[in-house]
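Visitor: Turn this into a structure:
(4 chains)
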2 protein chains.
Amino acid sequence: MKEEICQKKMSLVEKLGVHLENREQLAPVAARILAYIILTGKKGTTFEDMVTILCASKSTISTHLNHLQDLNKIVYFTKTGDRKKYFVINKDMVVQHIDNMINKWNEEREIHLELKNYKETINNNKIDNEDEKFDLSFHDDYIKFIDGATASVEELRTNLANNKFNI
Amino acid sequence: MKEEICQKKMSLVEKLGVHLENREQLAPVAARILAYIILTGKKGTTFEDMVTILCASKSTISTHLNHLQDLNKIVYFTKTGDRKKYFVINKDMVVQHIDNMINKWNEEREIHLELKNYKETINNNKIDNEDEKFDLSFHDDYIKFIDGATASVEELRTNLANNKFNI
DNA sequence: CGTCTAGTTCGGTTTGTTCCGAACTAACAT
DNA sequence: ATGTTAGTTCGGAACAAACCGAACTAGACG
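Guide: Next up is the predicted model:
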């Protein structure tokens, strides 16, 4: 019973790990650490736990743990009379992620505007040659999409603000 | 006048290049090639052009050009009595990109469902200990967001299907 | 004081990525 | 046949990322 849950947990650590590795641009072990911390929840995880469970060296865990703290993805609490640090996720990691998405979309929007602008200039220099002209409607559609997606994500942000949560 | 446009073009190649490097997971030169092809448009670009304009070796251009063809990002046409290949973007690169987004969101959705499921199991094993229970509303909000974003991107897909375009 | 715990720092190995040059090929032209 | 054009292929240099082990440190405890 307990072993089943543990196995399930570790298989989720791998799955979530791969996902976070890509989404957050983290090294494999760093992503596993974050996944393990997420899946352990409020009771927290220690340095030692992770060394044994994730089968990585102390130096690797140390480095990545510090890195994740620098990125504000995780925080720790302590217990009186216990020198260990208990790591849990920083609860605004989700808000951070949402803000990253919004920023990414704004950048993409900017690029589309610049591309469209450039293409319009070129088109105006080729009034004669209709065949070689760029088609611009794509950029307008894409910008419309970005605006829609941004609206969705901003709704999510609002929902989260009204909610105490814990990934 | 012509020089200004050329400078503007190359600075956009760099900007779009960086963007594509991340978005499409391409090597720097591969992303520049794709950006240059996009910004050159219907008249197409040749191997030689890119060797000189992007300041890269023939082997580099050759490898990346083949890679981009394997990925279905670019295609070429030829002119009778001219052995050169004229590269242009594959017009369904955009649809490909949209399908990738949809897939990515579906995967993310799946992960949230799995996480929620796991956390529910754990919560049920801790009926006594309310403090350590996971909060699950976040996953529901996130899934709602994904559904919203997916709807936006599917609208974009429909708009594009009704439109002949050219990035 | 020495010892234990909890973690850090440093140097090095392994592995992977990105690009290059030189030698090659295939097809056409003279 | 010899050259030219338009590329391809291969080996390797240069650099970067990811991880490890061993030696170290800072504080608590006896």
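Visitor: which helix of chain A spans the most residues?
Guide: Using DSSP state H, we find that the single longest helix of chain A is helix A:93-124.
Visitor: State the mean pLDDT of it.
Guide: The pLDDT scores in helix A:93-124 average 95.
Visitor: Packing partners of it?
Guide: Packing partners of helix A:93-124 (3 or more CB pairs under 8 Å, 6 or more residues apart in numbering or on different chains; DSSP states H and E): helix A:137-161, helix B:2-23. (C-beta placed from N, C-alpha, C; glycine too.)
Visitor: Please see if the last one touches DNA strand D.
Guide: No - Helix B:2-23 lies apart from DNA strand D when judged by CB under 7 Å from any atom of the strand; the minimum separation is 13.2 Å.
Visitor: what helices or strands is that helix leaning on?
Guide: If you count contacts as 3+ CB pairs under 8 Å, 6+ apart, helix B:2-23 packs onto helix A:93-124, helix B:28-40.
Visitor: hmm, try it at 6 Å
Guide: helix B:28-40 (3 or more CB pairs under 6 Å, 6 or more residues apart in numbering or on different chains; DSSP states H and E).
Visitor: Now the helix it packs on: buried residues?
Guide: For helix B:28-40, the neighbour count (16 or more other CB atoms under 10 Å in any protein chain shown) marks B:29-40 as buried.
Visitor: show me the contacts for A:Tyr76.
Guide: Neighbour list for A:Tyr76: A:85-87 [criterion: CB atoms under 6 Å, 6 or more residues apart in numbering or on different chains].
Visitor: so the lengthiest strand in chain A versus helix A:28-40, what angle?
Guide: When chain A is parsed with DSSP state E, its longest strand is strand A:82-89. Interaxial angle of strand A:82-89 relative to helix A:28-40 (axes from the mean of the first three to the mean of the last three CA atoms, to 10 degrees): 90 degrees.
Visitor: mind checking how far strand A:82-89 is from the chain centre?
Guide: With CA atoms, centre = their mean, to the nearest Å as the basis, strand A:82-89 stands 23 Å off its chain's centre.
Visitor: anything in it sitting right up against chain B?
Guide: No - counting by CB under 6 Å from any CB of the partner chain, chain B has no neighbours in strand A:82-89; the shortest distance is 11.2 Å.
Visitor: May I have the secondary structure class of the residue of chain A positioned farthest from its centre?
Guide: Relative to the C-alpha centroid of chain A, counting by CA atoms, centre = their mean, A:Asp128 is the outermost residue, at 48.1 Å. Secondary structure, DSSP: H, G, I helix; E, B strand; the rest coil: A:Asp128 is coil.
Visitor: ok so, going back, for the longest strand of chain A, packing partners?
Guide: If you count contacts as 3+ CB pairs under 6 Å, 6+ apart, strand A:82-89 packs onto helix A:28-40, strand A:74-79.
Visitor: out of the buried residues of helix B:28-40, which touch chain A?
Guide: Applying CB under 6 Å from any CB to the buried residues of helix B:28-40, none is adjacent to chain A.
Visitor: Need the residues you listed in a markdown table (columns: pLDDT).
Guide: A markdown table is the format used below for those (pLDDT from 0 to 100):
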| residue | pLDDT |
| --- | --- |
| B:Val29 | 98 |
| B:Ala30 | 98 |
| B:Ala31 | 98 |
| B:Arg32 | 98 |
| B:Ile33 | 98 |
| B:Leu34 | 98 |
| B:Ala35 | 98 |
| B:Tyr36 | 98 |
| B:Ile37 | 98 |
| B:Ile38 | 97 |
| B:Leu39 | 97 |
| B:Thr40 | 97 |
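Visitor: Closest to chain A out of the residues you listed?
Guide: B:Leu39 (7.2 Å; CB to the nearest CB).
Visitor: List the buried residues of the helix-or-strand element of chain A with minimal mean pLDDT.
Guide: Counting by mean pLDDT, DSSP states H and E, the weakest-scoring helix or strand in chain A turns out to be helix A:137-161, with a mean of 89. For helix A:137-161, a neighbour-count test (16+ other CB under 10 Å) marks A:138-139, A:141-143, A:145-146, A:148-150, A:152-153, A:156-157, A:159-160 as buried.
Visitor: And stretch A:75-95, by the same measure?
Guide: Buried residues in stretch A:75-95, counted by 16+ other CB under 10 Å: A:75-76, A:85-90, A:93-94.
Visitor: which one of those sits closest to DNA strand D?
Guide: Set against DNA strand D, the nearest of these by CB to the nearest atom of the strand is A:Lys85 (13.1 Å).
Visitor: beta partners for the closest residue to the closest one other than its chain neighbours?
Guide: Residue nearest to A:Lys85 in three dimensions, not counting chain neighbours: A:Tyr76, with 4.0 Å by CB to CB, 6 or more residues apart in numbering or on different chains. Beta-bridge pairing for A:Tyr76 (DSSP bridges): A:Phe87.
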